[in-house]
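1. Model the following, please.
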Amino acid sequence: MVRHWSRSVLLSLLSAPALAQSVPQPNATSGSAGQAIITAKNGQTNDQLWFDRYECYNWAKSQSGFDPSVGEFQGNAPAADAYRRAFAACLDGRGYGVSWSVPAPTQSAPAPTQPPPVVHTLPSAASSSISYVYAPGPELKYEPIAIQIEGGYTVAAGTTGSYLNDGPNAGLGLTWYPTSALPLGIRVDGSYSWFDAGHALLDSGGYTNGHENIYGGDADLQLDLAHRSSRNKLYLIGGGGYYHEQVHLRQVSLESGLFCGYFGCGPGLGPVVTAEERETSAWRRSWNAGLGWETAVADHASFFLEARYWRIAPLASKSQFVPIRAGLRF
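-> Sure, this is the predicted structure:
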């Protein structure tokens, strides 16, 4: 809120014709003679218009070398013209139409009694020949439906770490935003996680190795948080789902007997699976909650990184995880 207030104060102080107009409605700004008239083409809000206008003011100032907050338009026509064209090009690239009101006529000064001093200025031809093109980077734009692929690493939380080691995960999902007016989406993800068995799980039956697979899906709500840049955003995510837990444990011992190999068969000592357990649970309910960050990498494509707290019911020692995932959304 402080940043928004400070930016509004700064823009109010920029009373030069290119910047000092009021905003009577969300889709246009207008002012008195010599000022920019800005029209939103895509229904941008007043807050978004002021933010884009401030960004374009900085960009046009860097491109033209002219700052309307400290200089006069009529006193430096070539630089002012370059600023206007750069300012308009920037806003056009962000989805606005820009036109300029006609400056009010000025009264002519009385004829000097003495010849004016000679002032050397740069030729205006070079300034007027420059064409400004604003090429914004990739931006996050409203897409009703997006597909995401994701993968990462899952940390076994709490006492779960005694039964299962951390392991990789992978997933595929779909996100649906019913309307661009609300920053709320419905997301469905299917995921698969793989864990090596920990000492507590192996020691329970005298096993020597094993693993557990967890697979299923979630239905979540994704709430996009307010973001200053149109390229990045933070979001909250949470919901529930159903998962299978599949355990595979083996006991391998060295036993004597007849063993066959590449060169034939003969008596010897070798590893033998003396005990094995396979179990797949019924569907179990789960819930999760977390935080994510997303950035645009190209048109209609973005990269995201998120972390969640994930629990599978019934509450037991092997039910708590923290999956950390990165992915691409199209």
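
2. Let me see the contact set for H244.
-> Neighbouring residues of H244 by Cβ atoms under 8 Å, 6 or more residues apart in numbering: I214, Y215, G216, T280, S281, A282, W283, R284. All C-beta spots, glycine's among them, are computed from the backbone N, C-alpha and C.

3. how far away is the nearest residue to A301 once chain neighbours are set aside from K141?
-> Distances taken as Cβ to Cβ, 6 or more residues apart in numbering put F330 closest to A301, at 5.5 Å, once the chain neighbours are dropped. Remark: distance between F330 and K141 (Cβ to Cβ, to the nearest Å) = 13 Å.

4. Please enumerate the shared neighbours of these two.
-> With Cβ under 8 Å, 6+ apart, F330 and K141 have common neighbours H300.

5. Can you select the buried ones from the contacts of H244 in PyMOL?
-> Selection of buried members from the contacts of H244 for PyMOL, criterion 16 or more other Cβ atoms under 10 Å:
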select buried, resi 214+215+216+284
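
6. of all the contacts of H244, which comes closest to I149?
-> Y215 (16.0 Å; Cβ to Cβ).

7. can you give me the helices for the stretch 151-300 of the chain?
-> 160-163, 199-203 (DSSP state H, counting those that start in this stretch).

8. my read: E306 touches A289, true?
-> No: using Cβ atoms under 8 Å, E306 makes no contact with A289, being 11.0 Å away.

9. OK, contacts around the most centrally placed residue in the chain?
-> Nearest to the mean C-alpha position of the chain, by Cα atoms, centre = their mean, lies E294 at 2.0 Å. Residues counted as contacts of E294 (Cβ under 8 Å, 6+ apart) are L140, N232, K233, L234, Y235, S302, F303, F304, L305, R329.

10. Now those residues in CSV, please, with extra columns for pLDDT, neighbour count and distance to I149.
-> Below are the contacts of E294 laid out as CSV (pLDDT from 0 to 100; neighbours: other Cβ atoms under 10 Å; distance: Cβ to Cβ, whole Å):
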residue, pLDDT, neighbour count, distance to I149
L140, 89, 17, 18
N232, 91, 14, 20
K233, 94, 20, 19
L234, 96, 13, 21
Y235, 97, 20, 18
S302, 96, 23, 12
F303, 98, 14, 11
F304, 98, 17, 11
L305, 98, 15, 14
R329, 97, 21, 8
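
11. Just the closest of the residues you listed to L172, please.
-> Relative to L172, and with distances defined as Cβ to Cβ, the nearest of those is R329, at 11.3 Å.

12. can you count the residues close to the nearest residue to L202 once chain neighbours are set aside?
-> Leaving aside its sequence neighbours, L202 sits nearest to G210 (Cβ to Cβ, 6+ apart; 6.4 Å). By other Cβ atoms under 10 Å, 21 other residues sit near G210.

13. show me the residues around G210 that make contact.
-> D196, A197, L201, L202, V247, H248, L249, R250, E277.

14. doesn't G167 make contact with the first one?
-> Translated: D196. Yes: applying Cβ under 8 Å, one finds D196 in contact with G167, separated by 6.5 Å.

15. any chance you could map the strands in the stretch 201-330 of the chain?
-> 209-224, 232-261, 264-280, 284-298, 301-312, 320-329 (DSSP state E, counting those that start in this stretch).

16. what residue ranges in this protein score low on pLDDT?
-> The chain contains residues with pLDDT under 70 at 1-34, 71-76, 102-131, 227-229, 315-318.

17. circling back: do you know how far the residue nearest to L202 is from F51?
-> 55 Å.

18. who does the residue nearest to the centre of the chain bridge with?
-> Under DSSP bridges, the beta-bridge partners of E294 are K233, F304.

19. any idea how far it is from A226?
-> Counting by Cβ to Cβ - E294 and A226 are separated by 14 Å.

20. what do you get for A36?
-> 27 Å.

21. Between those two, point out the one with more neighbours.
-> A36 (23 against 8).

22. Beta-bridge partners for that one, please?
-> For A36, the beta-bridge partners are W100 (DSSP bridges).

23. before we move on, what about R311?
-> Bridge pairing for R311 - DSSP bridges - gives W287, Q320.

24. still on that earlier bit, please convert the contacts of E294 to a markdown table, extending it with distance to Y83.
-> Below are these laid out as a markdown table (distance: Cβ to Cβ, whole Å):
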| residue | distance to Y83 |
| --- | --- |
| L140 | 29 |
| N232 | 28 |
| K233 | 31 |
| L234 | 34 |
| Y235 | 37 |
| S302 | 33 |
| F303 | 35 |
| F304 | 38 |
| L305 | 39 |
| R329 | 38 |
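
25. so which of those comes closest to G161?
-> Using Cβ to Cβ, L305 comes nearest to G161 of the contacts of E294, at 22.8 Å.

26. For N213, give me its contacts.
-> With Cβ under 8 Å, 6+ apart, N213 has these contacts: Y192, S193, W194, F195, E245, Q246, H248.

27. wait, the last one sits on H211?
-> Yep, that's H248 we're talking about. Yes: if you go by Cβ under 8 Å, H248 and H211 touch, sitting 5.9 Å apart.
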